[in-house]
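Q: fold the following, please.
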Amino acid sequence: DMGMRGLVMKNHWEPTASLAYMVRKAVPGIDVFGGVTQDLAVGGINIEAVRHMAATTGGYGKVVWLPTLDVETAQKRARHLPAVPVSRDGKLLPKVLALLDYVATQPQLLFETGHVTPAEGLLVIAAARARGIRHIVVTHAVDMGWTVPQMNKAAAMGAYMEFVYHSTFGRHQEEKLASYAAMMKRVGPAHCILATDLGRITPSIAYPLEPRGMLDFMKAMLRHGLSVAEINQMAKANPARALGIGP
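A: Residues are numbered from 1 along each chain as shown. Alright, predicted model coming up:
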């Protein structure tokens, strides 16, 4: 109803390509896509999970995220908690390289860094580019601790930086939005993507639905000095290119 072209549905525990297929059946006229995270529920780094997601009827399985909620951290290692490692001693694990090899054979897929560290993310992006993977996004880069110099390194290798509206909610929202806008200007709108990350329930916060949230995010960036053309590039053209569906 608001004229939104499409959206991607993300679930930390199960693939969403089948759900995207069903949603398109129920609500025609909008491009809905799914994907799969490489979290413990699908076996961690799992090429077969990616293969079946991508083969789901309709071809709406588009996105592969490295581990998100199950990413390995120092805290999890210290407490011997289950996690999905991506690297050891500054090198990507063989199974991660094998996953990149597979994604490189599927040019329709978009590869995202998930919740890995910026150092790991830069390793992943370099390895992905070396394999010819064209569609790469740094998942909500600010939340994962990426600095502007690190973002610029990733952008120079062809990756998009994702900025999500959800992370600005709470105290000092306007200051957070201003900080986002400043970072987007330094990285360059050609390398940034606006997203919502609003698909969650937090009783203490009244999140808007995603379409309204996206519009509010775009308006906020306009307030903080980005032009309509720059906002349209980050909210419309860049996401479409990342998904391989044109500008």
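
Q: make it CA atoms for all contacts and neighbour counts henceforth
A: Noted.

Q: ok, and what's touching the biggest strand by length in the chain?
A: If each strand of the chain is counted by residues according to DSSP state E, the longest one is strand 31-37. The contact list for strand 31-37, computed with CA atoms under 8 Å, 6 or more residues apart in numbering, reads 5-21, 23-24, 49-50, 53-54, 60-68, 114.

Q: of these, buried ones?
A: 7-10, 12-21, 24, 49-50, 53-54, 60-68, 114 (16 or more other CA atoms under 10 Å).

Q: still on that earlier bit, the contacts of strand 31-37 in helices, which ones?
A: 17-21, 23-24, 49-50, 53-54 (DSSP state H).

Q: and those, which two are the farthest apart?
A: For the ones in helices among the contacts of strand 31-37, the maximum inter-member distance is 21.9 Å, found between 24 and 49 (CA to CA).

Q: one step back: can I get the ones in helices among the contacts of strand 31-37 in JSON lines with distance to residue 208?
A: JSON lines is the format used below for these (distance: CA to CA, whole Å):
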{"residue": "17", "distance to residue 208": "24"}
{"residue": "18", "distance to residue 208": "25"}
{"residue": "19", "distance to residue 208": "22"}
{"residue": "20", "distance to residue 208": "21"}
{"residue": "21", "distance to residue 208": "24"}
{"residue": "23", "distance to residue 208": "20"}
{"residue": "24", "distance to residue 208": "22"}
{"residue": "49", "distance to residue 208": "32"}
{"residue": "50", "distance to residue 208": "31"}
{"residue": "53", "distance to residue 208": "29"}
{"residue": "54", "distance to residue 208": "30"}
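
Q: may I see these organised as a markdown table, with distance to residue 171 and pLDDT added?
A: Output for these, formatted as a markdown table (distance: CA to CA, whole Å; pLDDT from 0 to 100):
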| residue | distance to residue 171 | pLDDT |
| --- | --- | --- |
| 17 | 35 | 98 |
| 18 | 37 | 98 |
| 19 | 34 | 97 |
| 20 | 34 | 98 |
| 21 | 38 | 98 |
| 23 | 34 | 97 |
| 24 | 37 | 97 |
| 49 | 39 | 98 |
| 50 | 38 | 98 |
| 53 | 38 | 98 |
| 54 | 40 | 97 |
